[in-house]
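just to be clear, the model below is a prediction. Sequence and coordinates:
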2 protein chains.
Amino acid sequence: MLVISDSAEMQRQALAWRAEGRRIAVVPTMGALHEGHRSLIRIARARAERVIVTLFVNPTQFGPGEDFDRYPRCFERDRAMCEADGVDAVFAPSVAAMYAPDHSTWVEETTLSRGLCGASRPGHFRGVATVVVKLFMLTQPHLAVFGEKDAQQLRVVRRVVRDLNLPVEIVAAPTVREADGLAMSSRNAYLTPNERRQAVALRRALDEAERRFAAGEREAAALREAIAAMIRRLAPAATPDYIEIVDDETLEPIDTVDRPALVAIAVRFPSARLIDNTVLRPAGGAR
Amino acid sequence: MLVISDSAEMQRQALAWRAEGRRIAVVPTMGALHEGHRSLIRIARARAERVIVTLFVNPTQFGPGEDFDRYPRCFERDRAMCEADGVDAVFAPSVAAMYAPDHSTWVEETTLSRGLCGASRPGHFRGVATVVVKLFMLTQPHLAVFGEKDAQQLRVVRRVVRDLNLPVEIVAAPTVREADGLAMSSRNAYLTPNERRQAVALRRALDEAERRFAAGEREAAALREAIAAMIRRLAPAATPDYIEIVDDETLEPIDTVDRPALVAIAVRFPSARLIDNTVLRPAGGAR
């Protein structure tokens, strides 16, 4: 397995693979790999001849006061995991290798990025869109795998790819969960034992929304209130950041689930902010 | 020569050429081709196995009240010229083929774009940067040729390419001029006969600045005033939009020409806004 930290070297290697006709998949990560990432790597491995995993804690997607400095970094563990999973190249650049001191170009998605996490994390998706385009240019992938756990990110990336005509297929991978249902996330490591127990509330709240939806509930307000009640009950230490039901394509809030709807929630525990989501699909809906 | 209007078809063709190992050059234009464009095509032809000329009047780089609607469009003439010049493919998409109704992704360069034309044409370089990235993704070039006449555009494009890690070499082509020195531009066609006679003032003013610089003048204020005086004398119908002397790399205004400096001017005639520029290079300067 190649371990590359230089941007120009990564791009040369990727272009060389392209010139040999190899199909390339990239799995962009911030490292601190867990079973969720490994499922993305397995999908990439099954669909491409060369798999590149990028390990880069991207400073431009963190806001002031967010967890850029304390985000877990465990390169040796990540490297070993990639090697065990049959990855062809790990690209682990420094911040300086990715951003010139006078870096001044940004990729900004202006519609899907506005609500949900974009509202509470201004600039986050600008950082994500910019680094994803950069990583795509450096790794020249035919396809890239992103987790459904980061639902808004997935949709923003798809939009950027469409709008900028990037020749990259975006593959969505289902959320991988702990035994109790908590979505895997590198940030789960921040949780205290008590918060960790309460964190099951996110998935339980989504279960409750799915159950009510299956029973015929279509009013977004009622579904949101059921979610909020479950979080209040199971996670008294958490403060909801948002509980939203939006059109799955436009991410605009909807009142009635008469089309595929993304149910997205974010809650703040004292030690970590967690997100989770599900999609509700009415039978015979417009889409 | 291929004539392509569909974005997906252009990208398939470019990727097919890439897969065959062909070296691709692109010359992005807004059509209304003149000898300046033809010189770019010649440079591209000499350096690549496949030359693509894009003909696209990009709406997103025009401001409200600018000349998007009346910008000259003469596809048949452009097509014939490309064919005569040995171009392999003309890519001439419609606006709808380039921008989805819900297009929402922009590439924005935030430093070099601020002054000069960026100050009088807000949003212009965001439109340029966005469409250039899109055209590069659709034509997959190894190199792209841009004219030095659009000095700020050239520098913004180079910055975007560097910052987003686009694997494209940007080649600068010297400005091609009419017999009297007027820089060739599709917009020269807007000029009345009287304005056309006065338009020689831009290059004459730059000549005067070069002459004074060669004679030892290093004060930007004095050089700017010499330019303004020449424009007042030779082009009474024109109003200067800007007359600036800036660091050639950062495009920040400088007081003393002690390093390579871009002298950039823009003037408005009643019928057209024209630009021109030169670079002053002090011997033994810092760069």
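Thanks, I have it.

quickly check: stretch A:33-53 near chain B or not.
No: Stretch A:33-53 stays clear of chain B (C-beta under 8 Å from any C-beta of the partner chain), getting no nearer than 14.0 Å. In short, each C-beta sits where N, CA and C put it, glycine included.

swap that for stretch A:141-154, sorry
No: using C-beta under 8 Å from any C-beta, we find that stretch A:141-154 stays clear of chain B, coming within 9.9 Å at best.

how about A:Ala44: what's its closest non-neighbour residue?
Take A:Ala44 and drop its neighbours on the chain: the residue closest to it by C-beta to C-beta, 6 or more residues apart in numbering or on different chains is A:Ala25, 3.7 Å away.

so what pLDDT did that neighbour get?
For A:Ala25, the pLDDT comes out at 98.

that one contacts A:Ile52, correct?
Yes: assessed by C-beta atoms under 8 Å, A:Ala25 is found in contact with A:Ile52 at 7.2 Å.

joint contacts of these two?
A:Pro141 (C-beta atoms under 8 Å, 6 or more residues apart in numbering or on different chains).

immediately after the helix or strand that A:Arg42 is a member of, which helix or strand?
Assigned by DSSP states H and E, A:Arg42 belongs to helix A:35-47. Remark: after helix A:35-47, the chain's next helix or strand is strand A:50-55, criterion DSSP H and E.

what packs against that next one?
Judged by 3 or more C-beta pairs under 8 Å, 6 or more residues apart in numbering or on different chains; DSSP states H and E, the packing partners of strand A:50-55 are helix A:7-19, strand A:24-29, helix A:35-47, helix A:75-84, strand A:89-91, helix A:124-139.

redo that, cut-off 6 Å
strand A:24-29, strand A:89-91 (3 or more C-beta pairs under 6 Å, 6 or more residues apart in numbering or on different chains; DSSP states H and E).

deepest of those strands, which one?
strand A:24-29 (a mean of 26; mean count of other C-beta atoms under 10 Å in any protein chain shown).

picking that back up, show residues contacting the helix holding A:Arg42.
When contacts are defined by C-beta atoms under 6 Å, 6 or more residues apart in numbering or on different chains, helix A:35-47 is touched by residues A:Ala25, A:Val27, A:Thr29, A:Val51, A:Asp85, A:Gly86, A:Val145, A:Gly147, A:Ala173, A:Val176, A:Met184.

A:Thr54 is in contact with A:Pro28, correct?
Yes: assessed by C-beta atoms under 6 Å, A:Pro28 is found in contact with A:Thr54 at 4.8 Å.

for the nearest residue to A:Arg212 once chain neighbours are set aside, which residues are in contact?
Excluding the flanking residues, the one nearest A:Arg212 by C-beta to C-beta, 6+ apart is A:Ala226, at 5.6 Å. Applying C-beta under 6 Å, 6+ apart, we find A:Ala226 in contact with A:Glu208, A:Ala209, A:Arg212.

ok, so of those, who is nearest A:Asp276?
Nearest to A:Asp276, judged by C-beta to C-beta, of those is A:Ala209 at 10.9 Å.

confirm that that closest one sits in a helix.
Yes: A:Ala209 sits within a helix when classified using DSSP: H, G, I helix; E, B strand; the rest coil.

what's the neighbour count on it?
By the criterion of other C-beta atoms under 10 Å in any protein chain shown, A:Ala209 has 27 neighbours.

quick revisit: and which of the contacts of A:Ala226 is nearest to chain B?
Chain B lies nearest to A:Ala209 out of these, by C-beta to the nearest C-beta, at 27.3 Å.

not counting sequence-adjacent ones, nearest residue to the closest one?
Closest to A:Ala209 by C-beta to C-beta, 6+ apart is A:Leu223, at 4.9 Å.

and the one you found, how close does it get to A:Ala19?
51 Å (C-beta to C-beta, to the nearest Å).

now swap in A:Gly118 and tell me
On the measure of C-beta to C-beta, A:Gly118 and A:Ala19 end up 38 Å apart.

pick out whichever of these two has more residues nearby.
A:Gly118 (22 against 11).

now that one. Nearest residue, chain neighbours left out?
A:Phe125 (5.3 Å).

was I right about the one you found contacting A:Val156?
Yes: between A:Phe125 and A:Val156 there is a contact under C-beta under 6 Å: 5.2 Å.

list residues touching both of the two?
Contact criterion C-beta under 6 Å, 6+ apart; residues bridging A:Phe125 and A:Val156 by contacting each: A:Ser113.

that older thread, so what sits against both of A:Pro28 and A:Thr54?
A:Leu135.

A:Ala151 - how many residues pack around it?
Counted with other C-beta under 10 Å, A:Ala151 comes out at 25.

got the phi and psi for it?
Note on A:Ala151: backbone dihedrals following degrees, to the nearest 10 are phi -60, psi -40.
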